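1. I'll drop the sequence and a predicted model, then ask my questions.
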Amino acid sequence: MNDSSWQPEPVPAGPAYDAQVGPHTRPMPIVPDAAGRDFDDREARDRGAASDGGLLFRDETPPQEPMPSPPPPPSQAPQNSTPPPPKKRAGRDLRAAIGVGVGLGAVIFASLFIVKAVFVGVIVVAVVVGLWELTSRLQEKKGIKAPLVPLAVGGAAMIIAGYVRGAEGAWIAMALTALAVLVWRMTEPPEDYLKDVTAGVFAAFYVPFLATFVAMLLTADDGPLRVVTFLVLTVVSDTGAYAVGWRFGKHKLAPRISPGKTREGLFGAVAFAMAAGSLCMEFLIDDGAWWQGLLLGLAVAVSATLGDLGESMIKRDLGIKDMGTLLPGHGGIMDRLDSLLPTAPVVWLLLAAFVGTG
């Protein structure tokens, strides 16, 4: 069909009403278009507006362009989803640990340089308390009843015999203590006898016998300075291991025994102990040489580390963190003797080889 066949549409009689206007509104005039059709003026305006890019319907709303959202304040800025690595923290109360360490050091040094016998008494007290902690934990966690009374009496006898009679007296006291443990346990039922006496003999060797070498260091003419060298090297070794391991430790030394110890910490212990050993042998020990101090420091670092690992093995077997709670920030007496006990015979032996026992 062409346009000529289109006919004008009939216009209804009466006024034209806009579909959107009420009956009392004045009608808009009819305007015919070029094809003869009539359109409401407003419709024409709407179409004209549409042709000009305007709206086609009056109820149509123009599209709103999204407003750019303002940047979030610094406090709400997106953060990296990866959490920062945890800060390394010390595992104990350092203030309490330092305070207790200073107090113990004051007692030790005062007794060393005032009356030697007083320091022997300090060793005896430490040994008896250590034995009490060890036997108590064995009974609590494993049901092992190592007899404390013969151990405490025999341990005190070992320290005094070592100070008075030397190594021979210490060995005799050790043998008598082991015999006393065997006899004392016979007063109880035979169940677990072998287990209990084995633990008793082990405790006698581990705590008082090894501590006897500290008393034997004291018998030399420069005995107090030898004890100071022993204590300083052990403490410096532990401090070097802690400081270097805490700052640079990445490779575990013995993760199944002590997860906190690292190879870097061991290197720190060796370096610190060797430096301190050369200074101590040069300036504290009579007839000592700096190179001897290097060997002494190396041996102390190794023995102190092994002693610490040995104590950790015992505590892991017992399922405990500390042997006691007597020393705030440190644990128990045994937790402080762990590296000292195996180091004492090493220092005594090397000093005897380097400068003699006199």
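-> Now that the structure is in, tell me what you want to look at. Numbering: from 1, shown residues only.

2. alpha carbons only for contacts and neighbour counts from here, please
-> OK.

3. those strands in the stretch 201-350 of the chain, which residues are they?
-> Residue ranges of the strands in the stretch 201-350 of the chain, as given by DSSP state E, counting those that start in this stretch, are 252-254, 258-262.

4. Surely A156 and P208 touch.
-> Yes. The pair formed by A156 and P208 meets the contact definition of C-alpha atoms under 8 Å, at 7.4 Å.

5. on that earlier part again, need the winner for burial among the strands of the stretch 201-350 of the chain.
-> strand 258-262 (a mean of 18; mean count of other C-alpha atoms under 10 Å).

6. Direction included, what does it pair against?
-> Strand pairing for strand 258-262, determined by DSSP bridges: strand 252-254 (antiparallel).

7. So which residues make contact with the partner strand?
-> Surrounding strand 252-254, the residues in contact under the criterion C-alpha atoms under 8 Å, 6 or more residues apart in numbering are P259, G260, K261, T262, R263.

8. Tell me how far that strand lies from the chain's centre.
-> Here strand 252-254 shows a centroid-to-chain-centroid distance of 14 Å under the convention C-alpha atoms, centre = their mean, to the nearest Å.

9. Show the average pLDDT along it.
-> Predicted confidence along strand 252-254 averages 94 (mean pLDDT).

10. what residues are up against the residue lying closest to D238 once chain neighbours are set aside?
-> Leaving out its chain neighbours, the residue that sits closest to D238 by C-alpha to C-alpha, 6 or more residues apart in numbering is A269, at 6.3 Å. In this structure, A269 makes contact with V236, S237, D238, T239, G240, A241, A301, judged by C-alpha under 8 Å, 6+ apart.

11. what about the protein, any weak spots by pLDDT?
-> Counting by pLDDT under 70, the low-confidence segments of the chain come to 1-94, 96-97, 329-330.

12. Which residue is the nearest non-sequential neighbour of R137?
-> In this structure, R137 finds its nearest non-sequential neighbour in M323, 7.0 Å apart by C-alpha to C-alpha, 6+ apart.

13. Kindly report the same for T177.
-> Of all residues beyond its chain neighbours, the one nearest T177 is G154 (4.8 Å), with distances taken as C-alpha to C-alpha, 6+ apart.

14. Please point out which parts of stretch 308-327 sit buried.
-> D308, L309, G310, E311, S312, K315, L318, D322, M323, G324, L327 (16 or more other C-alpha atoms under 10 Å).

15. Let me see the backbone angles for the residue nearest to R137.
-> Reported as degrees, to the nearest 10, the phi and psi values for M323 are phi -80, psi -20.

16. how near is it to D335?
-> Distance check for M323 against D335: by C-alpha to C-alpha, to the nearest Å, it reads 6 Å.

17. likewise V127?
-> Note on V127: its distance to D335, by C-alpha to C-alpha, is 12 Å.

18. Of these two, which one has the most company?
-> Set side by side, V127 and D335 show more neighbours around V127, with 27 against 22, by other C-alpha atoms under 10 Å.

19. about what we covered before: what is in contact with A156 and P208 at once?
-> Both A156 and P208 are contacted by V127, under the criterion C-alpha under 8 Å, 6+ apart.

20. circling back to that earlier point, would you confirm that the residue nearest to T177 contacts I172?
-> No. Taking C-alpha under 8 Å as the contact criterion, G154 and I172 are not neighbours in contact, 10.4 Å apart.

21. quick one, which of the two is more surrounded?
-> For G154 versus I172, the count of surrounding residues by other C-alpha under 10 Å is larger for G154: 25 against 15.

22. What spatial separation is found between the closest residue to L266 other than its chain neighbours and G265?
-> Once flanking residues are discounted, L266 sits nearest to A241: 5.5 Å by C-alpha to C-alpha, 6+ apart. Between A241 and G265 the distance is 4 Å, computed by C-alpha to C-alpha.

23. Then V346?
-> With C-alpha to C-alpha as the criterion, V346 and G265 are 21 Å apart.

24. Can you point out the buried residues in the helix or strand where V102 lies?
-> V102 is located in helix 94-114, with elements delineated by DSSP states H and E. Along helix 94-114, these residues count as buried under the neighbour rule (16+ other C-alpha under 10 Å): A97, V100, G101, I108, S111, L112.

25. helices and strands around the next helix or strand after it, which ones?
-> Later in the chain than helix 94-114, the nearest helix or strand by DSSP H and E is helix 116-142. Here helix 116-142 touches helix 94-114, helix 148-185, helix 193-204, helix 210-217, helix 290-318, helix 333-337, going by 3 or more C-alpha pairs under 8 Å, 6 or more residues apart in numbering; DSSP states H and E.
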